[in-house]
Every structure is written in C-alpha cells, then in structure tokens.
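Undergrad: Sharing a model prediction with you, sequence too.
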Amino acid sequence: MQVKAGPLLSKINYPADLKQYSEADLVQISQELRQYIIDVVSVNGGHFGASLGVVELTVALHYALNTPYDKLVWDVGHQAYGHKILTGRRDLFHTNRVYGGISGFPKISESEYDTFGVGHSSTSISAALGMAVASQLKGETNRQHVAVIGDGAMTAGLAFEGLNHAGIENSNVLVILNDNCMSIDPNVGALKEYLTSITISKSYNRFRDDISHVLTGLSKLGPNAHKYVKKIEKSIKGTLLKQSNLFEALNFRYFGPVDGHDVTRLAQTIKDLSAIPGPKLLHCITVKGKGFALAEKDQTKWHAPGLFDKITGEIKKSTPDKPQPPKYQDVFGHTMVELAEANDKIVGITPAMPSGSSLNIMMKAMPKRAFDVGIAEQHAVTFSAGLATQGLVPFCNIYSSFMQRAYDQVIHDVAIQKLNVVFCLDRAGLAGADGATHHGAYDIAYMRCIPNLIVSSPMNEEELRNLMFTAQQENIGPFVIRYPRGNGVMPDWKRPFKALKIGEGRKICDGEDVAILTIGHVGNFAVEACTELNSEGFHPAHYDLRFVKPLDEALLNEVFSKYKNVITVEDGSLPGGVGAAVLEFMADNNYNAQVVRLGIPDKFIDHGEQPELWAECGYDKNAIIEAVRKVAIKRTTDSMAG
Ligand SMILES: Cc1ncc(C[n+]2csc(CCOP(=O)(O)OP(=O)(O)O)c2C)c(N)n1
Ligand SMILES: CC(=O)[C@@H](O)[C@H](O)COP(=O)(O)O
Ligand SMILES: [Mg+2]
C-alpha cells in the first residue's frame, strides 16, 4: 500500500534534493521521515525501532556527505529504512521485504547508495576501511568513508578486528557508534558498561565539549595544525579523559558523546569531522524507537513488531478459532528449563538472541545458568567448549545463518575434542522476509562433513524435545539439532521425554513405486502430500530420516531394496545436503535408483513469506505431489512401452 509522504519529504527523491533545503528545515524533514517509516512499517511489517532511532543521523549524513561518492556503510542494515527512503526508494518502500520487492537490508545490487550488502552484524568497520584504503591507493584523497555501527554490533570480535587495523592505517574512516544501549534485547557486557560510563560522566562531558570544539576548529587549519592538535589532544585526553582511552588507545580520535537526535548539530559535526583525516569515532547517543512512545518504552518488542495500529499501538495478531501449534523456538525455551531442572549440568548460551531463540525463558527461570554473551557467535561456541571441558552440558543456541560465523570454532574447539556441546540451530532453512543473508540454507552441508558430529532435525515439537533429551545424556559428544523459524504442528506438544537411538530414522508410511525421504519439518509437507496423493490413487512410502549424520543405513538399505524411485526433500541447500548424502550412500553401496532431490537450489534466494519461498524452490506440498506424479506417470508410460 502506497503511503503519502509529508510536504518536504515528498520532494526528496535523492540526497541532492535534500541538500536544497536549509539546515533549519532538517528538523521537519526528520519528522516527516519518521512518520513515513511509521506509516509504512505499521501496515507492511519489518524492523522498526532501529530505523526510528537513526532518523536524524540518516538525514544529517546524507545532508553533510556527498553520497554515493562518499561511502556510507550501515552495519546490519536493519536501521537503514530512512537511508532507503532518501536514496531513490521512497515510492518502493511499501514493497520492503515483500516477495519481489526491495530488500530489508542494504544491497549493492539494489542501489549505488548501498555500498555494502549487510544483514549479519559487525562488518561495517572492516568494509569501510577496505573502501578507504582502496581510495588511498587510487589517490582519491577527498572521499569520506563512514561506518555506522550500533553498540550491539560493536560487541563482536569482527568489529574490533576492524578497529585494530584501522588504527594503524591512517586512512580516512569515520566510525559512528550509534549507542542506544540496546541490542535486540538489552545490550550486555563490559563494553556496554564502559560506553554507559562515558555517557553519564558529567566531568568528562563538560570537558569534552570544551576541547572538542577548540580542536576541531584548529585542525581545519591544515595538515601541520592537525599534527599538533592531535598531539595536544592525545596528551590531554590520555591523562584527563581516562574513559576515552579505549578508542584512543587504538589510535582513533574520539568525539562525543553527542545527541543523536539533534539533526542540525549532527550535520555540522559530520561536516567538521570530514575535514579531519585519519581514523575517527563519533559516539552518538540515540533512543531506539525514538518518536513512537510504545517503541521507546518496550524496545525489544518493537525491534520488529509485525503489523500494528499506528494510532493505538496495538500489535495485530491473527485470532485462530482453534489452538495453534507453538513456535519451535518456544518448545526449545520451555524444554531447556524442564531439562535443566532435572540435570544440573545443563547451561544455556545465546549470542544476543535471547528473545529470538526463547532462551530468555531459561534466563528468567535460572539466571545463573543461562548466558547472553552479546553478538559473539565465535565466542559463544568456544565458551561452550570451555564449559563442556568441565563436565557441563552447554546448549548453545545460534541461528543457522549466524553459525556460519563460528565454523572454525565448531571444528577446532568442539568436534576435534569431541566435547559434549549441543548446538541448537534455530531458523534453519528458508527464514522468510529477512532474505538471503538470513536463510539457514547451508548448515546440513557444512555440518555433515565434520567428523564426530551428530546432526539431526526434528519433524515436530515432540521430536525436538526428544532430540534435546537425547543430546543431554552423558558422553554423547557434539550434537547438532536444526529446526526452522515459525510454528510446529502439534498443539499438544508437551509429551514425556523419550531417548532416541542415535542415527535411527522412522518409517511414516509404507507405499509402492516411490519412496519419499525427508529430514526435519518438511516431513509434514510430505505427510500432506501423501494424503492428497492417496486420494488420487498414488501411494508413495514416506520415511523421516531424523538424522543427517549418522545416516540410518538400515533404513536406506530398506528403501533402496524396495524402491527404484526415491524423492528426497530438505529445507536446505541441495549441494552438499541430505539428498547428496543419500546419493553418496546409493553409490557407495552399489544401488541403482532414480533419485530426485527437492531443496534449495544452488543460488541465493531472496526474501518473501516462507511458503512463497518454499514454492519458488520447489519443495512444498505441491512440489512433492508434482514430483511423485511425474515419477508414477513415467513408470506407467515406461511399463506400457516395455
Ligand atoms: C552476526 C549476527 N548476529 C546476530 C544478529 C541479529 N541481530 C540483528 S540486529 C541485532 C542487534 C544489533 O544491535 P545494535 O547494533 O546495537 O543495533 P540497534 O538495533 O540497537 O540499532 C542483532 C543481535 C545479526 N544480524 N548478525
Ligand atoms: C536484523 C536481524 O538480524 C534480526 O533482527 C533478525 O531479523 C531476527 O530474525 P527473527 O525475526 O527470525 O528473529
Ligand atoms: Mg543498539
């Protein structure tokens, strides 16, 4: 649905239009931009609070910089809605995250203003530094390179790797630290406390205001002046501003904290900082959800609230007439508490996704045994490994696509040492509106090649509970459980635990002509497909593999002995996936069957509703029906011909 923009914003299609306005107009433009985001997101969905929090910063950046010549890199990119609206996509913004529409994150292929594709956090400093060094090498000394990174994203090792390198390059990088004291959930860790201490230190702030102005002014007098200013500043700040030492110790010139909602002053400051060469950090204080009272108050809920009434703030929920199955993540969260009550060795770990993974249920019930470690997937895995060396049983819950960050840790710190870490990979498979960066497409492929790992996937809630129960038993070794975003299929999911035999799948139904092999939740698509096919007179067999590794060899021997046609279905990448594992088994054991593999093809899949994407990739109920029909019809034609 198209939404009408305010009188000033409606005339701004690109930053060049923005620059036609006076500094005094920036306040109204910011108000209109904020309202436009509220109007569209309320009826369209998407990330909300983060973009509201950087409205003034976004306007100031595009006003002060010469984008796209100057390079502006957004970290994560969930806060870049204002940027999209000001850079040629206002009239497309109602298609944000919709199938076939614009992406919810900056994307190089979408706009020349999107300098770097994002979605995963903490890449902005390294990327901006790369651009800055490239400019230096090309002799483009007048180009600005700006990374906008949140306090949450700043907790990741990658951000510090970027700072560490930038501090010695002397290239033109401005890091804007957008500090709203929030990740998706409240931000955590010592860095957060350090930033808070800078922000609230009265003596520091008074002193900072005085010297920042003097030094910024002086350094504009030229390169020599800059050298002396830097020296003076370093010695003053080094001795008197103890709290600013973290960034300054890394050779950054630290400015701030400044009010991230004072758009005119921000624009002026960014212009001033553009005149200062070398690595700089501007510490900006903002409020997540700024300008929408409910979002300011409950920032986690309004990170990505879904559709809502923009006047009353009521979040729209569908009201089904019968009990709905729970989300897999909630089954994980409640089961963690149940298991941990019975087994005092169990601990829970999440890298910055307490609400998204539902580990927050355990964090509330057992605060000492559940850890949010910040956006730090690599650390989460190695920290879990450390806990496991001491006999604890860590359940380390990481979204499948974020686990890509911690691959070496899984191999080097966990698998080689055969440690009892349970990896719960949420959002496995096509994740939906977040698109290519967030689909959990590769975990089957990248996990099943690692020795010592058990890799499993539940078809429903009961199976998830049983796999979790099985994984926490003594000396089981590293254990992966992958499950998708969204709801399961069992409204009455809380059933007694049953230990499962490692590597044992199950037969859902016998059949004739063709066998369908599934892994995980997509098994339910096959169940529905079989019901429909039965009414048409087709009777495929259906097996749920349950384990990717080890594969159930007895089950596969049965399948390949009985059926000459096999269809594999998975919510994961076809290259390297379960279908590929089944083909390997077939070849290794000299079977000969026609195998059709359904799953995510060898390309990146954009955003959309999950059912739209399953259909696009060809592994939803209809695609399975189609595949079975094709096989059955071919068999009939072949036998008539023969
Ligand atoms: C590697 C990685 N881990 C986790 C996430 C999920 N995630 C997206 S936004 C976000 C919070 C980021 O906080 P911050 O950078 O402070 O931005 P804010 O939302 O506060 O503006 C998290 C944890 C992610 N995108 N990438
Ligand atoms: C931007 C980001 O990475 C997260 O906000 C992500 O969109 C969360 O995904 P879920 O909605 O599946 O928790
Ligand atoms: Mg933040």
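TA: All right, it came through fine. Numbering: from 1, shown residues only. Ligands and ions are numbered 1, 2, ... in the order given.
Undergrad: When you work out contacts or count neighbours from here on, use the C-alpha atoms and nothing else.
TA: Noted.
Undergrad: Contact residues of the protein facing ligand 3?
TA: Contact residues (CA under 5 Å from the ion) of the chain with ligand 3: 150-152, 180, 182-183.
Undergrad: Out of those residues, grab the one that's most surrounded.
TA: In terms of neighbours by other CA atoms under 10 Å, those top out with Gly152 at 28 neighbours.
Undergrad: close enough to count as contact, it and Asn178?
TA: No: here Gly152 lies out of contact with Asn178, judged by CA atoms under 8 Å, at a distance of 9.1 Å.
Undergrad: List the residues that are in contact with both of these two.
TA: Counting by CA atoms under 8 Å, 6 or more residues apart in numbering, no residue touches both Gly152 and Asn178.
Undergrad: Nearest to Gly139, out of the residues of the chain next to ligand 3: which one, please.
TA: Among the residues of the chain next to ligand 3, Gly150 lies closest to Gly139 (CA to CA), at 30.3 Å.
Undergrad: Report the separation between Pro186 and ligand 2.
TA: 13 Å (CA to the nearest ligand atom, to the nearest Å).
Undergrad: and the residue lying closest to that residue once chain neighbours are set aside, what does it touch?
TA: Nearest non-adjacent residue to Pro186, counting by CA to CA, 6 or more residues apart in numbering: Thr300, 7.5 Å away. Contact partners of Thr300, counting by CA under 8 Å, 6+ apart, are 184-186.
Undergrad: just Val3 next, same as before
TA: Applying CA under 8 Å, 6+ apart, the residues contacting Val3 are 36, 39-40, 94.
Undergrad: quick one: pLDDT of it?
TA: At Val3, the predicted lDDT confidence score is 89.
Undergrad: For it, give its distance to Leu9.
TA: 12 Å (CA to CA, to the nearest Å).
Undergrad: Can you name the residues that contact the residue of the chain found nearest ligand 3?
TA: Nearest residue of the chain to ligand 3: Met182, at 4.0 Å (CA to the ion). Counting by CA under 8 Å, 6+ apart, Met182 touches 151-152, 288, 299.
Undergrad: Who does it form a beta bridge with?
TA: Counting by DSSP bridges, Met182 is bridged to Pro186.
Undergrad: So which bits of the stretch 401-550 of the chain are right by ligand 2?
TA: Residues of the stretch 401-550 of the chain lying close to ligand 2 by CA under 6 Å from any ligand atom are Asp434.
Undergrad: Quick check: which ranges of the stretch 401-550 of the chain have low pLDDT?
TA: Low-confidence segments of the stretch 401-550 of the chain (pLDDT under 70): none present.
Undergrad: Please enumerate the helices of it.
TA: 407-408, 443-448, 461-471, 523-535 (DSSP state H, counting those that start in this stretch).
Undergrad: Of all the ones you listed, which one is nearest Val331?
TA: helix 461-471 (6.6 Å).
Undergrad: What is the closest one packed up against?
TA: helix 328-342, strand 479-482 (3 or more CA pairs under 8 Å, 6 or more residues apart in numbering; DSSP states H and E).
Undergrad: Now Thr24: closest residue in space, sequence neighbours ignored.
TA: Careful, residue 24 is Ala and not Thr. Thr264 (7.2 Å).
Undergrad: give the contact list for Met1.
TA: 40, 43-44, 94.
Undergrad: Now render those residues as a markdown table, adding secondary structure and neighbour count.
TA: Formatted as a markdown table, these follow (DSSP: H, G, I helix; E, B strand; the rest coil; neighbours: other CA atoms under 10 Å):
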| residue | secondary structure | neighbour count |
| --- | --- | --- |
| Val40 | helix | 21 |
| Val43 | helix | 17 |
| Asn44 | helix | 18 |
| His94 | helix | 21 |
